[in-house]
Every structure is written in C-alpha cells, then in structure tokens.
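Asks: Structure here, sequence nowhere to be found:
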C-alpha cells in the first residue's frame, strides 16, 4: 500500500527526531492538544500505538515561523 510522504505515520521516536525535540516533550504537546496524534487500537481497547502524521508535524513547524522584521519597521 503506497502512501504520500506527507501522510506517512511516524512513531513517537521518529516524530521527535524530525522536530529535534525529546519524545517526552512531544508526548506532552500531544496531550495538551498542541500537536495532533493518532492512537491506533482495536475498537473498545484503552491503549494502542501512538502515531504522528508527517504533514501535521510539518504544519506545526510552519506555524512557528515568524516574518523577519525589516530595518525600516524596527522601533
């Protein structure tokens, strides 16, 4: 089954490596609802594997970008 690169599912370790943050930080951000995560489990199960969409992580990175301040705009 082929998937697009942006929709690839990453483990917590892989996602944390992509963001250059610790897995614990990533888990905390997911629990707070800052970074979306998917829980893969059987219906009715309480626990399952957590995965992150590469496209969601890339969107998060883009959301952090700021516009550079031009010299004429500085106070």
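Replies: Structure received. These numbers were taken from a predicted model, which means no experiment stands behind them. Numbering: from 1, shown residues only.

Asks: Check which element follows the lowest-mean-pLDDT helix or strand in the chain along the chain.
Replies: Within the chain, no helix or strand scores below strand 38-40, which has a mean of 92 by mean pLDDT, DSSP states H and E. Remark: after strand 38-40, the chain's next helix or strand is strand 49-53, criterion DSSP states H and E.

Asks: Which positions within that next one qualify as buried?
Replies: For strand 49-53, burial by neighbour count (16 or more other CB atoms under 10 Å) applies to 50-53. Backbone N, C-alpha and C define where each C-beta goes, glycine included.

Asks: again with stretch 60-75
Replies: Across stretch 60-75, burial judged by 16+ other CB under 10 Å covers residue 60.

Asks: Chain neighbours aside, what residue packs nearest to residue 11?
Replies: Nearest residue to residue 11, sequence neighbours excluded (CB to CB, 6 or more residues apart in numbering): residue 51, at 6.6 Å.

Asks: what's near enough to touch that neighbour?
Replies: Applying CB atoms under 8 Å, 6 or more residues apart in numbering, we find residue 51 in contact with 9-11, 37-38, 40.

Asks: Buried among these? Make that a ChimeraX selection.
Replies: In ChimeraX syntax, the buried subset of the contacts of residue 51 is picked out as below (16+ other CB under 10 Å):
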select :10,37
